[in-house]
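> could you work out the structure for the sequence below:
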Amino acid sequence: MSRFSAKCLLLLSLMPVAGLAELSVTGVDGDLEKNIRAYVSLASEPCDAEPWRIRRRYRALQAEVNKSLEPFGYYNARIETALENSEDCWHASLNVDPGEPVKLRTIEIDIDGAAALDPAFGDLLQPVSLQPGEILRHAHYERYKRALQVRAGERGYVEAVFTDSRLDVWPEEGAADITIRFESGPRYLFGEIRQEQSFLETRLVDGMLELQPGTPYDGREIARAYRDLSNSNYFARIDVVPEVDSAKDGQIPIRISLYPADRIEYTIGVGASTDTGPRFRAGHRNNRINTAGHRIISDVGISPDVQAITSEYRIPLRDPRTEWFSLAGALSNEEVDTFDNETQRFGLRWTKAINKSWLRTLSLDFTNESFIVGNDKDTSRSLVPAIAFDHKRSDRDLFPSSGRRLGAELRGTGAVLGSDTSYLQSSAWARWISSFGSENRILTRLNVGVTTAGDFAGLPPSVRFFAGGDESVRGFDYNSLGPKDVDGNVIGGSNLLTVSIEYERHLTGNFYGAFFVDAGNAFDDADVDPAVGTGFGIKWRSPLGPLRFYLGFPLNQDESGVRVHLRLGADL
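Numbers count the residues shown, from 1 in each chain. The predicted model follows:
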């Protein structure tokens, strides 16, 4: 900036600025007052405006006020005005009696054409905001017309027009009549669906789409197509464009332009929980190995108690959104107070959505485990088939006000499969979240497991049930609950039952207070002997999910003291 320009700006900043004169409005408030101030041109005049200009604005005052009241149905207002001048400024005052509002008398709405038989227009035939006896609101009338146009566009009525639309106001009678005649024309169909991309096989993208040429056009299907493509994580940018201007022969062509997302992703994270201690995690993800959309997902997790490497090669199948085949491998070492376990696992998985909210996974795992539990030290090799079901429904992902998560698994093996052990195990889990008021949530949790085994002592820790810890019975250490051997070592049980209920209350900002009661245990036969823990804590709603800090107190099992529970993760 030049020195001359800087001096000019300084001089301008020192010059006095004329203020706006005062306009006082009495008799009305709220939206009526706001609209009057928006309409009245006199309100924008500065104190040093020319007198002739102020007088001209003042003469228009009553007409402007009447105009500002009409959209709210007031056509018979009585207005008193006054204007005062002084050496410093002028002052205008308004006293407004809006009078009785005009009310709707007759409403004639006709929808002709194919839309007359379309159930999607049912709620628009008798709009709640346009009913005889209601106060006239111009905005309601315009909003209704817009709703008709939007609905027609969403449903493919490209030729829709208003053949008549009138709002007749009779101020003397205090009445208004509405006449709307809407001709929809024919409903168009989806036409050619054209992909503009070259980095994935066309069949893979087609498999993600519900859109089918020749079916009735529906804007919700366009939104669903965008959502499904976005959820695939293959694309950085997605354009799903109905080319209405190119519509012909009753069909609307759809252009889908796709741009590739980054193929390689790396993630690094640190965290902590009282179950595993401080932990480090690193991940590698190749989202697009080839044009068929194959993926590799790998993770390394390290903590004082657990070290693990996992990798999955995922192959999308006929519908990539809901069906895929995986080859998975894992190496892990877990050393906790109750057991040591070294595991090598390789498996095959077929995952398929069986409806809109349930996933079914069939798996076959080969596992080699070397373990020490109490006085048992062994190596177990097994081939384990399993079937699992998972269901999730919630209003939000990170911090839902309502939702549920349900799951069940059945797995087992035996000598006929070449395994060292024989067992059949079923487990089920459920979580529910509900809210009352805007400040309170209830979180409940249930876990159940049953195992039948030929030789329980030969089962590795991954097949035995333990209780206690952040996600089990708080107030007790991780995996510290379960049947014991003759030396008092916890060796796990063949069955599991734990329940939890937690009340949560919003405190301030993103912080919430909580009080909980947990109960349950791992056990053999029917000897449950539930451990009970209670406590309270603070939850922070972080961008990555809820971070929980609890103090848990054991109420039985000859335990005492306080235990800290820290965990970051989703509620469901």
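> can you show me the strands along the stretch 1-150 of the chain?
Ranges of strands in the stretch 1-150 of the chain, per DSSP state E, counting those that start in this stretch, are 22-26, 78-85, 90-97, 103-112.
> partner strands of the shortest one, parallel or antiparallel?
Right, strand 22-26. If you go by DSSP bridges, strand 22-26 pairs up with strand 90-97 (parallel).
> buried residues in the strand it pairs with?
Using 16 or more other C-beta atoms under 10 Å as the test for burial, strand 90-97 gives 90, 92, 94, 96. Using the backbone N, CA and C atoms, a C-beta is placed for each residue, glycine as well.
> so the last one sits against T81, correct?
Going back to what we said before, that points to V96. No - using C-beta atoms under 8 Å, V96 is not in contact with T81, being 9.5 Å away.
> deepest of the strands of the stretch 1-150 of the chain, which one?
Ranked by mean neighbour count, the strands of the stretch 1-150 of the chain are led by strand 90-97 with a mean of 18 (mean count of other C-beta atoms under 10 Å).
> residues in contact with that one?
By C-beta atoms under 8 Å, 6 or more residues apart in numbering, the residues outside strand 90-97 that reach it are 21-28, 32, 36, 40, 42-43, 45, 47, 49, 54, 58, 61, 65, 69, 77-84.
> for that strand, what is the distance to the chain centroid?
50 Å (C-alpha atoms, centre = their mean, to the nearest Å).
> for that strand, list the C-alpha coordinates in CSV.
The C-alpha trace of strand 90-97 is given here as CSV (Å, rounded to 0.1, in the frame of the first residue of the first chain):
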residue,chain,number,x,y,z
TRP,A,90,-34.9,13.3,13.2
HIS,A,91,-37.2,10.8,15.0
ALA,A,92,-40.2,8.9,13.5
SER,A,93,-42.7,6.9,15.5
LEU,A,94,-45.4,4.4,14.5
ASN,A,95,-48.3,3.2,16.5
VAL,A,96,-49.8,0.2,14.6
ASP,A,97,-53.2,-1.5,15.3
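> want to throw the buried residues of strand 90-97 into TSV with pLDDT?
Shown next, in TSV, are the buried residues of strand 90-97 (pLDDT from 0 to 100):
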residue	pLDDT
W90	82
A92	85
L94	90
V96	92
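> apart from its neighbours in sequence, what residue is nearest A43?
Distances taken as C-beta to C-beta, 6 or more residues apart in numbering put L23 closest to A43, at 4.5 Å, once the chain neighbours are dropped.
> just list whatever residues bridge to the one you found.
Under the criterion used here (DSSP bridges), L23 is bridged to A92.
> apart from its chain neighbours, what residue comes closest to the spatially most central residue of the chain?
Of all residues in the chain, the one closest to the mean position by C-alpha atoms, centre = their mean is R396, 3.3 Å from it. Nearest residue to R396 in three dimensions, chain neighbours excluded: G403, at 7.8 Å (C-beta to C-beta, 6+ apart).
> where does the one you found fall, phi/psi-wise?
Here is the backbone geometry of G403 (degrees, to the nearest 10): phi 170, psi 170.
> what's the burial count for it?
18 (other C-beta atoms under 10 Å).
> wait, doesn't it sit right on S357?
No - because the distance of 10.9 Å does not satisfy C-beta under 8 Å, G403 is recorded as not touching S357.
> from G156, how far out is I252?
Separation of I252 from G156 (C-beta to C-beta, to the nearest Å) stands at 6 Å.
> more neighbours: which of these two?
The neighbour count for I252 versus G156, taken as other C-beta under 10 Å, is higher for G156 (27 against 20).
> wait, a helix at that one?
No - read with DSSP: H, G, I helix; E, B strand; the rest coil, G156 is coil and lies in no helix.
> for it, give me the pLDDT.
The score at G156 is 95. That number is its pLDDT.
> quick one: the residue nearest to the centre of the chain from G418, how far?
Distance of R396 to G418, given as C-beta to C-beta: 46 Å.
> and E192, by the same measure?
E192 is 54 Å from G418, by C-beta to C-beta.
> again, but for I36
87 Å.
> which of these two has more neighbours?
Using other C-beta under 10 Å as the criterion, I36 and G418 rank with I36 on top: 23 against 11.
> OK, contacts around the more buried one?
With the criterion set at C-beta under 8 Å, 6+ apart, I36 makes contact with 25, 28, 65, 68-69, 94, 96.
> with Q149 instead?
Taking C-beta under 8 Å, 6+ apart as the test, what Q149 contacts is A160.
> using CSV, lay out the strands of the stretch 1-150 of the chain together with distance to D245.
Below are the strands of the stretch 1-150 of the chain laid out as CSV (distance: least, C-beta to C-beta, whole Å):
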stretch, distance to D245
strand 22-26, 48
strand 78-85, 49
strand 90-97, 48
strand 103-112, 25
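> which single one of the contacts of I36 is nearest to D112?
Lowest distance from D112 to the contacts of I36 (C-beta to C-beta) belongs to L69, with 35.1 Å.
> report how many residues lie close to that closest one.
23.
> is it true that it touches A77?
Yes - under the criterion of C-beta under 8 Å, L69 is in contact with A77, at a separation of 5.3 Å.
> overlap in contacts of the two?
Common neighbours of L69 and A77 (C-beta under 8 Å, 6+ apart) are 96, 98.
> domains of the protein?
16-97, 103-183, 189-260, 341-568 (automatic domain parsing).
> pick the most buried one from the ones you listed.
Greatest burial across the domains of the chain, using mean count of other C-beta under 10 Å, falls to domain 341-568, with a mean of 17.
> for it, how far is the first residue from the last?
By C-alpha to C-alpha, to the nearest Å, the extent of domain 341-568 from end to end equals 25 Å.
> ok now it, how far from the chain's centre?
Going by C-alpha atoms, centre = their mean, where domain 341-568 is centred and where its chain is centred differ by 25 Å.
> each with direction, which strands does the longest strand along the chain pair with?
The single longest strand within the chain, with elements called by DSSP state E, is strand 376-394. Counting by DSSP bridges, the strands paired with strand 376-394 are strand 358-373 (antiparallel), strand 403-413 (antiparallel).
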